[in-house]
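Visitor: Could you look at this predicted model? Sequence included:
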Amino acid sequence: GNSVTQMEGPVTLSEEAFLTINCTYTATGYPSLFWYVQYPGEGLQLLLKATKADDKGSNKGFEATYRKETTSFHLEKGSVQVSDSAVYFCALLYNFNKFYFGSGTKLNVKP
Amino acid sequence: DSGVTQTPKHLITATGQRVTLRCSPRSGDLSVYWYQQSLDQGLQFLIQYYNGEERAKGNILERFSAQQFPDLHSELNLSSLELGDSALYFCASSVGQSANYGYTFGSGTRLTVV
């Protein structure tokens, strides 16, 4: 079956620290991979995506590389800001219309 | 504002009751998706409609049903409500049948069953 596993949170970092949130997946076929972000009281927003192996998605300083050999799509940012505090969801898209989401990782960034 | 509108934002109701959640997709989007977000189950896909027709079904209970109307808004009907149905219900939309460019999510309806 299809599933996504994310590292447990919360992750607490100081401003300007390096961020990694691990994500691994199990899938049949060749899914697209996504990261979504959810700020308090809001819906999920697409952060970045990658549609095939070795693709790198990037947006707002965040990056993730689709690694087929390790079935991973880890999210990274070189220098986090307080405004990055949110819940981050890794997801795979199966059959072009159905997302499987990870459980979410809460990020707290302290000034 | 994402362009996806969900109403109401909050809903409190008693067990055994029936409620209707409403979603208006972003302008130009033909697909609507419903998700349930709960603490124990995470974010679960319920159902997708495309241009009025059901396209995909996920973990949707038989007590739940949905439809998409000619003006493309969608309604999710939840009946015989149980305490465990308390959750955030999100609607999302996309242009076509495929979500390969990602969804646009609404801000959700928080349902509390007491």
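Guide: Yep, that arrived. Numbering: from 1, shown residues only, chains lettered A, B, ... in the order given.
Visitor: On the three-state scheme, A:Ile100 is what?
Guide: Heads up, residue A:100 is Tyr, not Ile. Per DSSP: H, G, I helix; E, B strand; the rest coil, the secondary structure class of A:Tyr100 is strand.
Visitor: Near residue 79, how many other residues are there?
Guide: Looking at chain A here, since you left the chain open. Using other C-beta atoms under 10 Å in any protein chain shown, the number of residues around A:Ser79 comes to 11. In this view, the C-beta of every residue, glycine as well, is placed from N, C-alpha and C.
Visitor: hmm, I had chain B in mind actually
Guide: Residues near B:Ser79, counting by other C-beta under 10 Å, number 15.
Visitor: ok, now how distant is it from B:Ala87?
Guide: 15 Å (C-beta to C-beta, to the nearest Å).
Visitor: what's the answer for B:Ser107, then?
Guide: Counting by C-beta to C-beta - B:Ser107 and B:Ala87 are separated by 14 Å.
Visitor: so how far is the lowest-mean-pLDDT helix or strand in chain B from its chain's centroid?
Guide: Here the helix or strand of chain B ranked lowest by mean pLDDT, DSSP states H and E is strand B:104-105, holding a mean of 89. With C-alpha atoms, centre = their mean, to the nearest Å as the basis, strand B:104-105 stands 11 Å off its chain's centre.
Visitor: Show me what it pairs with in its sheet, parallel or antiparallel.
Guide: strand B:87-94 (antiparallel) (DSSP bridges).
Visitor: now the strand it pairs with, how far from the chain's geometric center?
Guide: Per C-alpha atoms, centre = their mean, the centroid offset for strand B:87-94 relative to its chain is 5 Å.
Visitor: pretty sure B:Phe90 is touching B:Leu111, no?
Guide: No - checked against C-beta atoms under 8 Å, the pair B:Phe90 and B:Leu111 is beyond contact range at 11.4 Å.
Visitor: What parts of chain B come near chain A?
Guide: B:2, B:4, B:31, B:33, B:42-43, B:45, B:48, B:55-56, B:58, B:90, B:92, B:97-108 (C-beta under 8 Å from any C-beta of the partner chain).
Visitor: Can you go through these and name the buried ones?
Guide: Neighbour-count burial (16 or more other C-beta atoms under 10 Å in any protein chain shown) applied to the residues of chain B next to chain A gives B:2, B:4, B:31, B:33, B:42-43, B:45, B:48, B:55-56, B:58, B:90, B:92, B:97, B:99, B:102-108.
Visitor: Restricted to strands, list those residues.
Guide: Mapping those onto strands (DSSP state E) picks out B:31, B:33, B:42-43, B:45, B:48, B:55-56, B:90, B:92, B:104-105.
Visitor: Single out whichever of those residues has the smallest pLDDT.
Guide: Among these, B:Gly42 carries the weakest pLDDT, at 83.
Visitor: give the contact list for it.
Guide: A:101-104 (C-beta atoms under 8 Å, 6 or more residues apart in numbering or on different chains).
Visitor: same thing but at 10 Å, please
Guide: The contact partners of B:Gly42, taken as C-beta atoms under 10 Å, 6 or more residues apart in numbering or on different chains, are A:4, A:6, A:89, A:100-104, B:35-36.
Visitor: residue contacts, whichever residue of chain B sits closest to chain A?
Guide: Residue of chain B nearest chain A, by C-beta to the nearest C-beta: B:Phe105 (3.4 Å). Residues near B:Phe105 by C-beta under 10 Å, 6+ apart: A:36, A:38, A:42-46, B:2, B:4, B:6, B:26, B:33, B:35, B:90-93.
Visitor: Thanks a lot, catch you later.
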